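S.K.: this is the structure alone, sequence omitted:
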């Protein structure tokens, strides 16, 4: 048998290590007011803007290949502000992938311009948990009306949904499959992925990465503006300090 052929047959593809950056958006105006927000499209507060800047300083020198975020402005503002001073100098460009004028008319025809941008994919699957009839209502006032135990159940149980809203389990049922189908393939290719999303959609992803039980994930606190970094290699996740 030809020696060169044997060497060629034994040659394997290198094992790629991807890197995942998770960031909960900065404090929103309604976070500050202790109001149930959910899918109400509320922007960052002044403190939330500063949180996004501070998060950006932590990831400033990490090369990033692609960004994913939700449809909600507080997560998208966090993308822009956290990448404003990124060492790459690349500008985030929000991709409009659904049919319509934004998709048809937002093409780039310069290779130089394309190389100076970071693609940002927008996905409703990464949106915050939808709080139904609680949205816009003060959390403390709802505890007085319905009892602290009931409101805690709506907010922190795994399976119980607020009136006409989503449970944590329902939120995870949309965010985690999207993560596995759309985001993990980039990591398998050794890419660095940045996700700016929400407390509950990120809980679902963290449940998978950290192998958390239902009881553990409902007690998982993710502060606004918190950066979490993981490496990914051969299906294994490792959290970095």
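M.R.: Alright, I've got the coordinates. Keep in mind that what you see is a predicted model, and the values were worked out from it rather than measured.

S.K.: give me the phi and psi for residue 19.
M.R.: phi -130, psi 130 (degrees, to the nearest 10).

S.K.: skip the chain neighbours and tell me the closest residue to it.
M.R.: Distances taken as C-beta to C-beta, 6 or more residues apart in numbering put residue 192 closest to residue 19, at 4.2 Å, once the chain neighbours are dropped. All C-beta atoms are positioned from the backbone trio N, CA, C, and that covers glycine.

S.K.: that neighbour and residue 64 touch, don't they?
M.R.: Yes. Using C-beta atoms under 8 Å, residue 192 is in contact with residue 64, at 5.2 Å.

S.K.: intersection of neighbour lists for these two?
M.R.: Contact criterion C-beta atoms under 8 Å, 6 or more residues apart in numbering; residues shared by residue 192 and residue 64: residue 21.

S.K.: hang on, the earlier thing: for the residue nearest to residue 19, grab phi and psi.
M.R.: Torsion angles, degrees, to the nearest 10, at residue 192: phi -100, psi 120.

S.K.: report how many residues lie close to it.
M.R.: 21 (other C-beta atoms under 10 Å).

S.K.: how about the one 3 residues further on?
M.R.: Residue 195 has 25 neighbouring residues, counting by other C-beta under 10 Å.

S.K.: repeat for the one 3 residues further on
M.R.: Using other C-beta under 10 Å, residue 198 has 26 neighbouring residues.

S.K.: tell me the spacing between it and residue 189.
M.R.: 26 Å (C-beta to C-beta, to the nearest Å).

S.K.: for the nearest residue to residue 157 once chain neighbours are set aside, which residues are in contact?
M.R.: Residue nearest to residue 157 in three dimensions, not counting chain neighbours: residue 218, with 6.4 Å by C-beta to C-beta, 6+ apart. The contact partners of residue 218, by C-beta under 8 Å, 6+ apart, come to 156-158, 168.

S.K.: any chance of those in a markdown table with pLDDT as columns?
M.R.: Output for these, formatted as a markdown table (pLDDT from 0 to 100):
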| residue | pLDDT |
| --- | --- |
| 156 | 90 |
| 157 | 93 |
| 158 | 96 |
| 168 | 97 |
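
S.K.: so residue 141: helix, strand or coil?
M.R.: Using DSSP: H, G, I helix; E, B strand; the rest coil, the structure places residue 141 in helix.

S.K.: the closest residue in space to residue 142 that isn't next to it in sequence: what secondary structure?
M.R.: Closest residue in space to residue 142, ignoring its immediate chain neighbours: residue 151 at 5.1 Å, by C-beta to C-beta, 6+ apart. Here residue 151 is helix, with the state taken from three-state DSSP.

S.K.: longest helix in the protein, by residue count?
M.R.: Longest helix in the chain by number of residues (criterion: DSSP state H): helix 46-59.

S.K.: now do the residue nearest to residue 19, the pLDDT please.
M.R.: What the model reports as pLDDT for residue 192 is 98.

S.K.: ok, it to residue 16 distance?
M.R.: For residue 192, the distance to residue 16 - C-beta to C-beta - is 11 Å.

S.K.: then residue 160?
M.R.: Counting by C-beta to C-beta, the gap from residue 160 to residue 16 is 41 Å.

S.K.: burial count for residue 134?
M.R.: Around residue 134 there are 22 residues (other C-beta under 10 Å).

S.K.: pLDDT value on it, please?
M.R.: 98.

S.K.: tell me the contacts of it?
M.R.: Going by C-beta under 8 Å, 6+ apart, the list of residues near residue 134 reads 36, 38, 142, 154, 162-163, 165.

S.K.: still on that earlier bit, how close does the residue nearest to residue 142 get to residue 144?
M.R.: 9 Å.

S.K.: done for today, thanks.
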